[in-house]
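1. kindly return the folded structure for what I paste below:
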Amino acid sequence: MENVVLTIHLLLALALIGIVLMQRSEGGGLGMGGGGGGAVSGRAAATALGKVTWFLAAAFICTSITLTIIAAKNAGNSSVIDSLGSDLTAPASATPVAPAADSLLPPAEGDDAPLVPKAN
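-> A predicted model of the protein is given here:
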């Protein structure tokens, strides 16, 4: 069921993109575009492409809501954090141990292997 709705959703998205790109610009976008006939009147005439755009947009929203409902039913009560919970509680022996603070210091004067040879 989810695959069918998802396929319809993708087809609606592609059709909506195509219909919007086929429409004539009515001006106002970035200061360029078509004539001022539509901008002067209070309401532009509804063309066939405009009606198809509204229909496709409504169908796209309906499939979006349907996919959300299906995903919520499949998810149950678990979350991503719950699925990571088993990984976060790994045994202590599996975690790497940081070196002791003393091992990060340079050797003292009396040690056998100095880092820099002493000048005479």
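2. can you tell me the helix or strand for the nearest residue to H9 once chain neighbours are set aside?
-> Nearest residue to H9 in three dimensions, chain neighbours excluded: T63, at 4.1 Å (C-beta to C-beta, 6 or more residues apart in numbering). C-beta coordinates here come from the backbone N, C-alpha and C atoms, glycine included. Using DSSP states H and E, T63 maps to helix 48-75.
3. that helix: which residues count as buried?
-> Neighbour counts over helix 48-75 (16 or more other C-beta atoms under 10 Å) mark T53, L56, A59, F60, T63, T66 as buried.
4. just stretch 7-25 next, same as before
-> Here stretch 7-25 shows I8, H9, L12, A15, L16, I19 as buried, counting by 16+ other C-beta under 10 Å.
5. return the item of the residues you listed having minimum pLDDT.
-> Ranked by pLDDT, the buried residues of stretch 7-25 bottom out at I19 (93).
6. average pLDDT for stretch 69-88, rounded please.
-> 75.
7. now the helices for this protein?
-> Assigned by DSSP state H, the chain shows helices spanning 2-22, 37-40, 48-75, 80-88.
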